[in-house]
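Novice: fold the following, please.
(chains A and B)
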2 protein chains.
Amino acid sequence: MCGIVGVIGKADATQVLLNGLSKLEYRGYDSAGLYVNDGQGQDHLIKRVGRISALTAAVDGSVHGVMGIGHTRWATNGKPTVANAHPHVSSDERFYLVHNGVITNAAALRAKYLSNVAFASETDTEVVVQLVAAFARDGLAARAAFAKTLGLLEGSYAFALADRTDANHLYVAKNKSPLLIGKGEGFNVVASDALAMLKETDQFVELNDGELVTLTKDTIAITDAAGRPVDRAPITVKIDAGDAEKGPFPYYMLKEITEQPAVMRRLLSRYVDADAKPQFDAALLKALASADRLYIVAAGTSYHAGLVGQSLFEQLAGVPTQAALASEFGYHMPLLSAKPMFIFLTQSGETADIRQVLVNVKAAGYPTLTLTNVITSTLAREADYAVDLAAGPEIAVASTKAYTAQVAVEALLAAALGQFKQVPAAAKSDVAHALSLAAAGQQALIDQQAKLHALATALFAKTRNAFFIGRGTDYFVSLEAALKLKEISYVQAEGFAAGELKHGTIALIEQDTPVVAFITDPKTAARTRSNAEEVEARGAKVLRIAAASLAQPEDQLIVDDLPALLTPLLTIIPGQLLAYFTSLDRGYDVDRPRNLAKSVTVE
Amino acid sequence: MCGIVGVIGKADATQVLLNGLSKLEYRGYDSAGLYVNDGQGQDHLIKRVGRISALTAAVDGSVHGVMGIGHTRWATNGKPTVANAHPHVSSDERFYLVHNGVITNAAALRAKYLSNVAFASETDTEVVVQLVAAFARDGLAARAAFAKTLGLLEGSYAFALADRTDANHLYVAKNKSPLLIGKGEGFNVVASDALAMLKETDQFVELNDGELVTLTKDTIAITDAAGRPVDRAPITVKIDAGDAEKGPFPYYMLKEITEQPAVMRRLLSRYVDADAKPQFDAALLKALASADRLYIVAAGTSYHAGLVGQSLFEQLAGVPTQAALASEFGYHMPLLSAKPMFIFLTQSGETADIRQVLVNVKAAGYPTLTLTNVITSTLAREADYAVDLAAGPEIAVASTKAYTAQVAVEALLAAALGQFKQVPAAAKSDVAHALSLAAAGQQALIDQQAKLHALATALFAKTRNAFFIGRGTDYFVSLEAALKLKEISYVQAEGFAAGELKHGTIALIEQDTPVVAFITDPKTAARTRSNAEEVEARGAKVLRIAAASLAQPEDQLIVDDLPALLTPLLTIIPGQLLAYFTSLDRGYDVDRPRNLAKSVTVE
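Specialist: Numbers count the residues shown, from 1 in each chain, chains lettered A, B, ... in the order given. Next up is the predicted model:
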């Protein structure tokens, strides 16, 4: 949720931190702050509510440092105020701390150790920094005080800690929240996402849970939870920094929507061989083929991709498959089959709700696979198998290309599994051909932006609510299209199984309520059209989006024909663009909707 | 959706029809109409948009009849106008028809047979009555013309047909929509629900799909689809007509909410023996025990009860269980297990979306069970087993006591199955004791109506939207509580898994957005509280409803402790009452929300 940066050994530490924070801003932007120390007795703590730009404006030429830490916050508990912004400082003003995660026993620790300390904020983070200071006042060195504190904590954290009395050391630690060390020449950096520090280095050292690191400008000293030294070589992170730039687009979201046909083609070149057969690691296919039931665990947009995956794995690979919400699955697991396998869908690879499930099912000895867009992420590293979505960095908070990449990779993997298991449906399906048709069909829709803008304005300009309806895969797309509209335009949109609306929710239909109906499945097209007429009879304004072969004169947008299971690759494009233009019409910041963070690293 | 009545052989036919329609009004009330014929050359067709009261007001003392038909309509296609109201009349004004259902090939039939006939409405029903008239003009007798028409129809119907030239006969037919004949002394009646005609008779003849009936005042002549005579004795329908009266309550919904503790006790006396062991038909338990997976198929509120049932059957009876939306399951069935059994949850026993599933799975030879509040209903009759919810007639459109009865019966049945299978969890669970605690806990909540009214006013008086959150069973209750608020107060409420909200929908939280958090499960209470704080940090007004043993000072409403799987029996009571008082505050008709019908007999 939050973003963390740190640096030691750079003369322009302030600028390095601000650059890094601006790359992480999509992670959360209720408030931001930094602490820098010039090693010559001058230091600065600056915090602002709102965007990084507010922080940048507050930093004048006098704010120098050779080491420092920075933070951009998405409030989990405590309101977005300056007092609650990071870095937090101990009341003796010696220690400065930035934190991502949630400490669940903060109140108990405060009561036990800090009853006589005055607090400046309501945050769990301040409890941590006050503990470090208290143990230091008891005589421990900074690192030892930090280590003792870590030993007491329950919950999740990525920390960077600065000691104002010692500009030559920076301390970091991690448990269940992402954190990387970037190794430079004569300097080192810290970041919760490599993206933030790609300008400084491409050499990154990954950290495991429970590790504590002491950084100087030249050294990286890691110890594990038991205090034993750990030796770990850096890896090279290959992201074209240009991929993470907006270029000529007004918003990242529009850029990322536009990239989807290219992502389809990239996946074809990566996962399909010269004979148009999907190819994946044989060990992975063998593991999947041994499972008697697949559980797809995901959240948000990825969950909606998982619902499509449920049908794909059942129909192309003949294996019973169940998509589940990660936050529910973690604590209320259904009765599992005898030989389950778990598939985790996550754009960032850092979703805390999924991590919680992964830890439990790994402990139970079940095989795991992560499909993710960040192949160096925690969930990719910790699962038995990982498959790269290869969609390129997704910066806009509202996910677009990661969704279509997930659906496409699920289709390729399901087809490969079906072939491996010699399921007849898989032999007949030509997923590779369908994906190349999908790329062309997506482009045709992206080329209709003017029309989609006009439809968005006509339907959603002033509405307080909206409904998206469909059956089967059209239902799954309805859920995702509604979520897009919610996320960036704040319209209370709901996706519904078309036949279910009349069992209660139809009471909300009134004059001019917008309803979008997806009609791409010959088996249910007539029934969905009946449901559209039911809401029209109550005054709804209905936009019908139909497949070419099912088109009727009243349909306002036509998408190319595709096999029923793959139509989400097309129908979600108008879903995304309708949301984009509605947000634009309403004057919102498309890429950075209120309250939301890109990668949700708390439960 | 719609309600149908008919009568032949009563001097006060008009009054019989109006009485019957008033009992059926909850079925749909976009428009209503009747046709009566006095057998002496005088007849009347009267139709009005809106409530039955508008129709009653339009009927003056001159509207006499000895036979007639009546209808109350919930528009499926075609707007709610007088032209679209039933009865529909042929353009030669000979035949009058009321219809419940949807004819899917009406356009094709009109094009083929009726190209030269002038139409007065946009309805499928008019096509049917015009066909009868056309075939009669070709020389067929009325019954034969009707039979020929029925042979051409695709879709669902319950019909009552009157011929102005012959007041001694009334024709009715049924396919996939409910219809019953009531047998009197010197008269006969027709109704889509026995409730409508209980004042006239308690002897009812059930009809099967494809049957056609010719009624005179003394005879009931049934033929099957092949034209063969059918002999069928009437059954006695035992409903205390007083149960269906409001008594001292301002609305049926409040009456039905209040009845819930009594329903719990009634279920205990019916399904629990002297040793506090749940008892069900041994053949049913044997069938359930033979299944390797249960599929609970339902819609709307019943689906929410099915989600609770999913956990109950898994945990008390150790059988994997999957709840599914009926409208989706009918056309997009998952891969079934080797030995599935199907459980249908339906208050009315007439839900068309479920019927569609039942027909398919019976054809495939799978065992079926219906849990319903109307044990004489189609779905009760057609399933292999049926269990009575015994909640008494539920008249308010928004379901309340049927939901808690479903949860309670699922719990009893799951415990009985667990005992039958000797599952250890079932032996330990004391469902009977828990249900008697639930009855007392419900009463304690019902007694806090003044407090709940104040909370409803404070939270929902002016809001456009609202959220209900929880985890596990608290999540399932959140879905149901949100649906209640939607149905009768038109607030766009959504139920969410508490951990899922942050994956997108939290963007909708703004200053004073109402959020209700259910906190009854010790395993996840702390996490749900964190999620409540997340929305509070963004300005939400949060109402926390917690179990007594988990209560914190900030909790505004406390419910008694119950085993986690049964807490919905308590937590839904404030959900129901908050919705009730919000609807009352806004001045809506609580029992008859716009757009909704009580029993949804179209797909």
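Novice: please count neighbours and contacts with C-alpha atoms only from this point.
Specialist: Fine.
Novice: what about residue A:235, distance to chain B?
Specialist: Residue A:235 sits 30 Å away from chain B, taking C-alpha to the nearest C-alpha, to the nearest Å as the criterion.
Novice: and the nearest residue to residue A:519 once chain neighbours are set aside, which of the three is it?
Specialist: The shortest distance from residue A:519 to any residue other than its chain neighbours is 4.6 Å, reached at residue A:546 (C-alpha to C-alpha, 6 or more residues apart in numbering or on different chains). Three states are possible here, and by DSSP: H, G, I helix; E, B strand; the rest coil the one that applies to residue A:546 is strand.
Novice: residue A:546: neighbour count?
Specialist: Using other C-alpha atoms under 10 Å in any protein chain shown, residue A:546 has 24 other residues around it.
Novice: cool, residue A:73 as well?
Specialist: 28.
Novice: that one contacts residue A:24, doesn't it?
Specialist: No: no contact is recorded between residue A:73 and residue A:24 when judged using C-alpha atoms under 8 Å, the distance being 10.0 Å.
Novice: now the common contact residues for those two.
Specialist: The overlap between the contact sets of residue A:73 and residue A:24 (C-alpha atoms under 8 Å, 6 or more residues apart in numbering or on different chains) consists of residue A:3.
Novice: and the residue nearest to residue A:519, how far from residue B:231?
Specialist: 49 Å (C-alpha to C-alpha, to the nearest Å).
Novice: before we move on, what about residue A:56?
Specialist: As for residue A:56, its distance to residue B:231 is 88 Å (criterion: C-alpha to C-alpha).
Novice: go on, residue A:487?
Specialist: From residue A:487 to residue B:231 the distance is 61 Å (C-alpha to C-alpha).
Novice: go on, residue A:466?
Specialist: If you go by C-alpha to C-alpha, the gap between residue A:466 and residue B:231 works out to 52 Å.
Novice: report pLDDT for the residue lying closest to residue A:484 once chain neighbours are set aside.
Specialist: Setting aside the residues directly before and after it, residue A:484 is nearest to residue A:579 in space (C-alpha to C-alpha, 6+ apart), at 5.8 Å. The predicted local confidence for residue A:579 comes out at a pLDDT of 97.
Novice: pull the CA atoms of the helix or strand harbouring residue A:170 into CSV?
Specialist: Residue A:170 is part of strand A:166-175, with elements assigned from DSSP states H and E. Output for strand A:166-175, consisting of C-alpha atoms alone and laid out as CSV, is shown next (Å, rounded to 0.1, in the frame of the first residue of the first chain):
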residue,chain,number,x,y,z
ASP,A,166,25.0,8.5,12.9
ALA,A,167,24.7,9.3,9.2
ASN,A,168,27.0,6.5,8.2
HIS,A,169,24.4,3.7,8.9
LEU,A,170,20.9,2.9,7.8
TYR,A,171,18.9,0.0,9.1
VAL,A,172,16.2,-1.9,7.3
ALA,A,173,14.1,-5.0,8.1
LYS,A,174,11.2,-6.9,6.5
ASN,A,175,8.5,-9.3,7.4
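Novice: same question for it, mean pLDDT?
Specialist: Averaged across strand A:166-175, the pLDDT comes to 95.
Novice: repeat that for stretch A:336-355.
Specialist: Stretch A:336-355 shows a mean pLDDT of 95.
Novice: just stretch A:278-297 next, same as before
Specialist: Mean per-residue pLDDT for stretch A:278-297: 97.
Novice: likewise for stretch A:258-265?
Specialist: Averaged over stretch A:258-265, pLDDT sits at 94.
Novice: next structured bit after the helix or strand hosting residue A:415?
Specialist: Taking DSSP H and E as the criterion, the element that holds residue A:415 is helix A:401-420. Moving toward the C-terminus from helix A:401-420, the first helix or strand encountered (DSSP H and E) is helix A:424-428.
Novice: elements contacting the next helix or strand after that following helix?
Specialist: Reading on from helix A:424-428 to the C-terminus, the next helix or strand found by DSSP H and E is helix A:431-446. Using 3 or more C-alpha pairs under 8 Å, 6 or more residues apart in numbering or on different chains; DSSP states H and E as the contact criterion, the neighbours of helix A:431-446 among helices and strands are helix A:252-258, helix A:260-271, helix A:401-420, helix A:568-585.
Novice: leaving out chain neighbours, which residue sits closest to the residue of the stretch 101-250 of chain A found nearest chain B?
Specialist: Going by C-alpha to the nearest C-alpha, chain B is nearest to residue A:104 of the stretch 101-250 of chain A, at 8.7 Å. Leaving aside its chain neighbours, residue A:104 sits nearest to residue A:155 (5.2 Å; criterion: C-alpha to C-alpha, 6+ apart).
Novice: ok, the one you found - contacts?
Specialist: Per C-alpha under 8 Å, 6+ apart, neighbours of residue A:155: A:101-105, A:175.
Novice: re earlier: residues of the strand holding residue A:170 that come out buried?
Specialist: Neighbour-count burial for strand A:166-175 flags A:167-175 (criterion: 16 or more other C-alpha atoms under 10 Å in any protein chain shown).
Novice: and the residue in the stretch 151-300 of chain A positioned nearest to chain B, how far from residue A:346?
Specialist: Using C-alpha to the nearest C-alpha, the single residue of the stretch 151-300 of chain A nearest to chain B is residue A:300, 4.8 Å away. Going from residue A:300 to residue A:346 by C-alpha to C-alpha gives 9 Å.
Novice: which of the two has more residues huddled nearby?
Specialist: The neighbour comparison of residue A:300 against residue A:346 (other C-alpha under 10 Å) goes to residue A:346, with 29 against 21.
Novice: contacting residues for residue A:126?
Specialist: Contacts for residue A:126 (C-alpha under 8 Å, 6+ apart) come out as A:88-90, A:119-120.
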